[in-house]
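Engineer: sequence and predicted model, in that order:
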Amino acid sequence: MKILVGYDGSNSAKEAIDLSITHARAFEAEVIVIASLTGGTVTEEAEINNANEDLAEAERTVKDAGISCETHLLVRGMQPGEDIVKFAADNAVDAIIIGVKRRSKVGKLLFGSNAQYVIIKAHCPVTTVK
């Protein structure tokens, strides 16, 4: 079983990592952690370095828990939600865990465009964490 975690270094993303460890133990799964940057002229070198550092931290956390983990930094010109859904489909992922940021009452209904996109378009179950 493969569990995909969309990771951006935020507190909700760290909670998603923690939940992925729990699920991986329960289902004897491997964890795939991805960060998605838009790419092109939009992505700065510092942003890429920060994303790589965040991924390394997430990988250490998962591996320290004794779970198989791989990471990927995606810079494919897509919005993060679209990138997560495509990666999940292309890699036969069984479940996705993503963090959602706390928002106003209206924002809570919408989750945010990336999370909403993943929830609606993913081919597999999606678990959200705040």
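Structural biologist: On my side now, so go ahead.
Engineer: I'd assumed residue 119 was in contact with residue 128.
Structural biologist: Yes - counting by C-beta atoms under 8 Å, residue 128 does reach residue 119; the two are 7.1 Å apart. C-betas here are computed from N, CA, C, even on glycine.
Engineer: helices of the chain, residue ranges please.
Structural biologist: Assigned by DSSP state H, the chain shows helices spanning 11-27, 45-64, 80-90, 105-110, 113-121.
Engineer: beta-bridge partners for residue 75, please?
Structural biologist: Residue 75 forms beta bridges with residue 37, as assigned by DSSP bridges.
Engineer: can you tell me which of the helices of the chain is most buried?
Structural biologist: With neighbours defined by mean count of other C-beta atoms under 10 Å, none of the helices of the chain is more surrounded on average than helix 80-90, at a mean of 20.
Engineer: mind listing residues that contact it?
Structural biologist: When contacts are taken as C-beta atoms under 8 Å, 6 or more residues apart in numbering, the neighbours of helix 80-90 outside the stretch itself are 4, 6, 8, 34, 36-38, 72, 74, 76, 78, 93, 96, 98, 113-118, 121-124.
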